[in-house]
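Peer 1: okay, predicted coordinates and the sequence, questions at the end:
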Amino acid sequence: MTHKLRDQLRHMPSSPGVYIFRDGDGHVLYVGKAKDLKKRVRQYFTGGRDQRSGIFVPLIDSVEIIVAGSEKEALLLESTLIKRFRPPFNVELKDDKSYPFFRVTIQEEFPRLELTRKVVKDGSLYFGPYTDAGAARKTLAWLEKAFPLRRCRGPRPGGRGRPGRPCLDHQMGRCLGPCGGEVDRAEYGRVVVELTSFLKGRGPSVTGELRKRMERASAEMRFEEAASLRDRMRAIETVLERQDVVGNPDDDLDILGCAASGGTMVLTCLFVRSGMLVGRSDLVLEGDPEPSHALEAFLTAHYIRDVFVPPRILLPVGIDFGKAHEEILSQNAGRKVRVLHPSRGRGARLVSLAVHNARQALDEVLERNRSAEELSVQVQKLLRLPSPVRRVECVDISHTSGKQTYGSTVVWDRGRLLKEHFRVYAIRSTGVESDDYAALAEVITRRFKGSSGSTMPTPDLLLVDGGKGQLSRAAEALRREGLAKVPLAAISKAGASKARAGGGVTDEIFRPGRSNPLKIPAHSPSLHLLQMLRDEAHRFALASHRRSRGREDLLSRLDGIHGVGPARRKALLTRFRSIEEIRAAPVEEIAALSGFNTTVAKRIKESLR
């Protein structure tokens, strides 16, 4: 401990606040908060240390403190400083996922049911989140059969066709047809009430009421109506079979659990809505942080965004700043939110369920890490590299007859694709569009020289889609950037004659310094990994390319419309993805965009017919 640090500890105040540990070069190592700064900071140098603090405490040269007026202020200040400094030893919990919600637009005259990933205060009812988007879409399909509300976009019915003329959904029995006057507001409203009751966990009572109506219609020989009610009831029962009931119908809560082993922690959150388990989220943390620190990081990172904050959040262990978190969450939610650590009763059983799920997820993560490490060593041996290949980046180029050239990079890291590290590059250099080699060199240069070079680690292997020509050009680009030591390989399709002679060999792997491709068995897991990355890079580049072509097509169609300048074109591009979406949108929806009016909206609709 330095003399300066010892003197700082001696004059530490006993008040709430934030402390910042710095190394000898002034770099921030760790940011923390405390109810009592003097006691908390001294614990790092006198008490026992966890794995994480045991690494950075010997590096501390000085400590800086900021006294706060309350625990709540200290919590908010800590969050701000972590975002500003991004300290290497703080718990890095990137919970940037957006989960789907069911949205019922009850503020509209004839409400709709839809999936959305944004929760806004627009008067709608939101139910969720549902962490499995595929399962949520399947549930939506069944709900649309059970509750045949309109699916047309916009605040008024008839968005998919002319007002007064029901669309195909009505003819198929999947919409009540409010646009054509086939149903009055009272009957439509009854279906909306049934839907919201079902989503609030009162499914059995909804099916019971439908059964009574079905039997009454059958007794009165209204067989078509009875058959429709029967089909709706069966659809509801199908959805109910897929849901796990873990609480009372009025229960809305999030349940957190955590498990750690071998320097890895998994934090699991179970989402319970209306007493039913609707989803879960697993977050993997490296470095084996203290459970209380990980839980506080989750509360800060997850609920700060536009997500539903339930009335109760259950934790497996107590946290120091529980009351401060309650104040902030209650303020964000606009109602009372409690952060609890139940020790007995049903709450404790629910927390045990979350902990059990966390242990299962941890076992899966550890097994995946083990398999990924084995595969990393296999790739190392296959390509004769100096170290295991734990991070691979693959580059691909896509264009249309030499125009609109795009490059993409995809990343595989320790057994999984890191989609947050995927990048797409629009080729900028003049005359490069039709030159794949030059485009490849530009992408590699921008990857390692641009912003990605400072924010993403250097890969253990850079894979390019192509043959010896692309490999040579990529090696030249790396040498220019002073990265000649980055391992490099190329993957290309074998010629037809080689495929026939090689017994099914369809891909070749080239390495610098070799004129012939490596001999790799077709069933090799290492080859399958490289093929998967090549295919993923190709898919990602094509997807970006198609989006660009769609935007350019949309721009060209909008250019000749009187009154639609750059600002309005930008607003249309932001709201709609294609000409077809603008055609399907009602005039009211277009007119509601910023800077638009009904006259311009009608002119756009007429021009795009």
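Peer 2: Okay, I see it.

Peer 1: list the buried ones in the longest helix along the chain?
Peer 2: Longest helix in the chain, counting residues (DSSP state H): helix 345-383. For helix 345-383, the neighbour count (16 or more other C-beta atoms under 10 Å) marks 347, 350-351, 353-355, 357-359, 361-362, 365, 369, 372, 375-376, 378-380, 382-383 as buried. For the C-beta atoms, the positions are set from N, CA and C on the backbone; glycine is no exception.

Peer 1: next one: stretch 485-493
Peer 2: Those would be Val486, Pro487, Leu488, Ala489, Ala490, Ile491, Ser492, for stretch 485-493 by 16+ other C-beta under 10 Å.

Peer 1: touching, the first one and Pro457? I think so.
Peer 2: Which is Val486. No: the criterion here is C-beta atoms under 8 Å, and Val486 misses it with Pro457 at 11.2 Å.

Peer 1: give me the three-state assignment for Ile313.
Peer 2: Classification of Ile313 by DSSP: H, G, I helix; E, B strand; the rest coil places it in strand.

Peer 1: could you list every residue that touches it?
Peer 2: Ile313 makes contact with Leu253, Asp254, Ile255, Leu256, Leu299, Leu329, Val337, Arg338, Val339, Leu340, according to C-beta atoms under 8 Å, 6 or more residues apart in numbering.

Peer 1: ignoring the adjacent residues along the chain, who's closest to the first one?
Peer 2: If I follow you right, that is Leu253. Spatial nearest neighbour of Leu253, chain neighbours left out: Arg312 (4.2 Å); criterion: C-beta to C-beta, 6 or more residues apart in numbering.

Peer 1: residues contacting the one you found?
Peer 2: Contacts for Arg312 were tallied using C-beta under 8 Å, 6+ apart; they are Asp252, Leu253, Asp254, Val337, Arg338, Leu340.

Peer 1: look at the residue nearest to the fifth one when sequence neighbours are not counted and report its pLDDT.
Peer 2: If the residues on either side of it in the chain are set aside, Arg338 comes closest to Arg312, at 5.2 Å by C-beta to C-beta, 6+ apart. Reading off the confidence values, Arg312 has pLDDT 93.

Peer 1: got it, and Leu229?
Peer 2: pLDDT, Leu229: 83.

Peer 1: surely it is in a strand?
Peer 2: No: using three-state DSSP, the assignment for Leu229 is helix, not a strand.

Peer 1: any idea how far Val183 is from the closest residue to it other than its chain neighbours?
Peer 2: Computed as C-beta to C-beta, 6+ apart, the closest residue to Leu229 that is not its neighbour in sequence is Met214, at 4.0 Å. With distances taken as C-beta to C-beta, to the nearest Å, Met214 is found 18 Å from Val183.

Peer 1: ok, now Ala484?
Peer 2: Counting by C-beta to C-beta, the separation of Ala484 from Val183 is 71 Å.

Peer 1: what does Arg583 give?
Peer 2: For Arg583 relative to Val183 (C-beta to C-beta), the value is 26 Å.

Peer 1: now swap in Ile255 and tell me
Peer 2: Distance from Ile255 to Val183, by C-beta to C-beta: 41 Å.

Peer 1: next SSE downstream of the helix or strand hosting Leu527?
Peer 2: Secondary structure assignment for Leu527, by DSSP states H and E: helix 525-559. Later in the chain than helix 525-559, the nearest helix or strand by DSSP H and E is helix 566-575.

Peer 1: now do the buried residues in that following helix.
Peer 2: Arg568, Arg569, Ala571, Leu572, Arg575.

Peer 1: what pairs with the helix or strand containing Met265, and is each one parallel or antiparallel?
Peer 2: Assigning secondary structure by DSSP H and E places Met265 in strand 264-273. With DSSP bridges as the test, strand 264-273 is paired with strand 252-261 (antiparallel), strand 276-286 (antiparallel).

Peer 1: list the buried residues for it?
Peer 2: Result for strand 264-273 [16+ other C-beta under 10 Å]: buried residues Thr264, Met265, Val266, Leu267, Thr268, Cys269, Leu270, Phe271, Val272, Arg273.

Peer 1: tell me the angle that strand makes with helix 345-383.
Peer 2: 130 degrees (axes from the mean of the first three to the mean of the last three C-alpha atoms, to 10 degrees).

Peer 1: now do strand 264-273: distance to the chain's middle.
Peer 2: 15 Å (C-alpha atoms, centre = their mean, to the nearest Å).

Peer 1: just stretch 32-44 next, same as before
Peer 2: 35 Å.

Peer 1: list of residues touching that stretch?
Peer 2: By C-beta under 8 Å, 6+ apart, the list of residues contacting stretch 32-44 reads 9, 12-19, 21, 53, 57, 60, 63, 65, 67-68, 71, 74-75, 77-78, 320-321.

Peer 1: same thing with stretch 281-291?
Peer 2: For stretch 281-291, using C-beta under 8 Å, 6+ apart, the contacting residues are 50-52, 89, 91-93, 95, 97, 99, 131, 258, 260, 262-269, 271, 294, 297-298, 316-317, 357-358, 361, 365.

Peer 1: just to revisit the earlier point, tell me the mean pLDDT for the strand holding Met265?
Peer 2: On average, strand 264-273 scores 88.

Peer 1: same thing with stretch 118-137?
Peer 2: 78.

Peer 1: can you list the buried residues in that stretch?
Peer 2: Buried residues in stretch 118-137 (16+ other C-beta under 10 Å): Val119, Ser124, Leu125, Tyr126, Phe127, Gly128, Pro129, Tyr130, Thr131, Ala136.

Peer 1: show me where the stretch 1-150 of the chain has its helices.
Peer 2: 3-10, 37-46, 51-56, 71-85, 133-146 (DSSP state H, counting those that start in this stretch).

Peer 1: deepest-packed of those, please.
Peer 2: helix 71-85 (a mean of 18; mean count of other C-beta atoms under 10 Å).

Peer 1: relative to the whole chain's centre, how far out is that one?
Peer 2: Worked out by C-alpha atoms, centre = their mean, helix 71-85 lies 24 Å from the chain centre.

Peer 1: pull that helix out as CSV, backbone CA atoms only.
Peer 2: Taking C-alpha atoms only, helix 71-85 is exported to CSV below (Å, rounded to 0.1, in the frame of the first residue of the first chain):
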residue,chain,number,x,y,z
GLU,A,71,-28.1,6.0,-0.7
LYS,A,72,-30.3,6.6,-3.7
GLU,A,73,-27.9,9.3,-5.0
ALA,A,74,-24.9,7.0,-4.4
LEU,A,75,-26.6,4.3,-6.5
LEU,A,76,-27.4,6.6,-9.4
LEU,A,77,-24.0,8.2,-9.3
GLU,A,78,-22.3,4.8,-9.4
SER,A,79,-24.3,3.8,-12.4
THR,A,80,-23.4,7.0,-14.2
LEU,A,81,-19.6,6.6,-13.4
ILE,A,82,-19.6,3.0,-14.6
LYS,A,83,-21.1,4.0,-17.9
ARG,A,84,-18.5,6.8,-18.2
PHE,A,85,-15.3,5.0,-17.2
